[in-house]
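1. Fold the following and give me the result.
(2 chains)
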Amino acid sequence: MTPIGLALFLAGVAALRLTGGFALGGVIAGNDRVTRILLLMPLSIVAAVIAVQTFTTKADIVIDARVAGMAVAAGLAWRKVPMGVVVVIAACVTALVRAAGWG
Amino acid sequence: MSPPPDTTAASASGAGTSGAGTSGAGTSAGSRRALKPGSFRPLDLSTLMFAAAMTGVAVTAIMRDVGTPAWVVMAACTFAFSGTGEVAYASVIASGGGMAPALLAAMLVSSRFGLLAMSMTGRWPASLWERVAVAHFSSEVAVAAAIEQRPVGPDAARRAFWQLAMATTSGWIIGSGIGLVLGQLGDTRRIGLDVVFPASFVGAVVNALRQRDSTVAVLLGALAALALTPVLPAGLPVLCAAAGSLVALTVEPRGWRRPAVPLQPATAGRASWSPADTIIEDPFEEAGW
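-> This next block holds a predicted model:
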């Protein structure tokens, strides 16, 4: 990243965030239906990010050690294990499965 | 992340406006000082900080690989707070692309932060500057935590948001700095660093599976993103996946076994919230886990 790229990158990200937080957020506040969308939409986005980071590499669907780590993480999270512990165990499981030669 | 489990119990007793959530698997709640609603334990915050630092180290390594000057790496991570955006930029450069396509990829990947920032509007009374700061610091982890705390009240949502936002931001900046000092790390995948980021917000998604409409939002979001990844440029699949929430809107907002419960608007206070809302049976319990 060059300094010019950095300046454009910073401006772009800030513009995206402020558009969401102000231009879009102000127009639609207070509507019950919209409130529900705002509750559900981040869940869709977060699930999508998790899916992409777990099952894809570049533009390909890839099943590898990450899936094992994330499966364990999901089970632990369901049992309400604290987030920090979940993260560390997920990384360890992924590392172990990789060390065992898979993915 | 797990919300303070005691919020359910405390609220069910009808009294607990404070002192909810001593929290925590494996700790004896009685001996610990009660946390405010929406608060996380220092252990949780510091592990999350550690996780964010690991991501920072990994992203810095990727940025340095494409010849980014150290100060640019630090400026990018400090002022943009979009690790995936940096990775997208660097991967286009690494594959021989120019600055324009690299920026486009970074913006596409970062556009979800606009939606996340939008979903945080009006959840608690905030000044202009706090709203700017919330927009700047909106991340999956913090937004998911704030939404999990929604039934408890606006104060809890605000506390959860800021605690996690500060923990992840500080960890992320420190980690990026450490990444610069360490230089090349070799393959960070070998120690499982690539699941640190997704695993840090898997808790919110898993908890969403306890209710019908949010389950639909989660499953459609994940499936749409996976289906579109091979055919769309990076970043767009995640954006399109947001549409899964529109379908979820048509599903009844209730748990799998409880009778229907009206969903409260985010701005509603505790007074209008019935404790029965959050008592959801645990199928794993019955399956003998």
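2. What distance do you get for the spatially closest residue to residue B:166 that is not a sequence neighbour to residue B:165?
-> Once flanking residues are discounted, residue B:166 sits nearest to residue B:137: 8.0 Å by CB to CB, 6 or more residues apart in numbering or on different chains. Just so you know, the C-beta spots here come from the backbone N, C-alpha and C atoms, and that holds for glycine as well. Counting by CB to CB, to the nearest Å, the gap from residue B:137 to residue B:165 is 4 Å.
3. Where does the closest residue to chain B within chain A sit: helix, strand or coil?
-> Closest residue of chain A to chain B, CB to the nearest CB: residue A:84 (2.1 Å). At residue A:84 the chain is in helix, as set by DSSP: H, G, I helix; E, B strand; the rest coil.
4. ok, back up a step: residues near the residue nearest to residue B:166, how many?
-> Other residues near residue B:137 come to 22 when the count uses other CB atoms under 10 Å in any protein chain shown.
5. Next: residue A:99.
-> 12.
6. Let me see the contact set for the nearest residue to it once chain neighbours are set aside.
-> Using CB to CB, 6+ apart and skipping residues adjacent in sequence, the residue nearest residue A:99 is residue B:190, 7.9 Å away. Going by CB atoms under 8 Å, 6 or more residues apart in numbering or on different chains, residue B:190 touches A:95, A:98-99.
7. quick check, distance from the lengthiest helix in chain A to the centre of its chain.
-> Longest helix in chain A, counting residues (DSSP state H): helix A:32-55. Chain-centre distance of helix A:32-55: 9 Å, with CA atoms, centre = their mean, to the nearest Å.
8. Quick check: next helix or strand after it?
-> Proceeding N to C from helix A:32-55, the next assigned helix or strand is strand A:56-57, under DSSP states H and E.
9. Provide a list of residue ranges in chain A with pLDDT below threshold.
-> Scanning chain A for pLDDT under 70 picks out A:25-31, A:103.
10. hmm, try it at 90
-> Where chain A drops to pLDDT under 90, the residues are A:1-3, A:19-46, A:49-50, A:52-53, A:56-59, A:80-88, A:101-103.
11. burial measure for residue B:55, as a count.
-> If you count neighbours by other CB under 10 Å, residue B:55 ends up with 25.
12. Now it. Nearest residue, chain neighbours left out?
-> Distance criterion CB to CB, 6+ apart; nearest residue to residue B:55, sequence neighbours excluded, is residue B:197 at 5.0 Å.
13. before we move on, back to that, among the contacts of residue B:190, which ones are in helices?
-> A:95, A:98-99.
14. out of those residues, who's nearest residue B:171?
-> Each of the ones in helices among the contacts of residue B:190 was scored against residue B:171 by CB to CB, and residue A:95 proved nearest at 19.9 Å.
15. Would you enumerate the residues in contact with the closest one?
-> Contacts of residue A:95 (CB under 8 Å, 6+ apart): A:65, B:190-192.
16. ok, the residues you listed vs residue B:153, which is closest?
-> Set against residue B:153, the nearest of the contacts of residue A:95 by CB to CB is residue B:192 (36.7 Å).
17. Show me the helices in chain B, by range?
-> Under the criterion DSSP H, helices of chain B are mapped to B:6-12, B:42-65, B:70-79, B:83-94, B:99-119, B:128-137, B:140-148, B:154-182, B:196-199, B:202-208, B:212-228, B:236-241, B:244-248, B:283-286.
18. which other helices and strands contact the fourth one?
-> Applying 3 or more CB pairs under 8 Å, 6 or more residues apart in numbering or on different chains; DSSP states H and E, we find helix B:83-94 packed against helix A:3-18, helix B:42-65, helix B:70-79, helix B:99-119.
19. Would you reformat these as TSV and include distance to residue B:226?
-> As requested, these are arranged in TSV below (distance: least, CB to CB, whole Å):
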stretch	distance to residue B:226
helix A:3-18	24
helix B:42-65	22
helix B:70-79	28
helix B:99-119	16
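20. Point out the most buried one among these.
-> Most buried of those, by mean neighbour count (mean count of other CB atoms under 10 Å in any protein chain shown): helix B:99-119, with a mean of 24.
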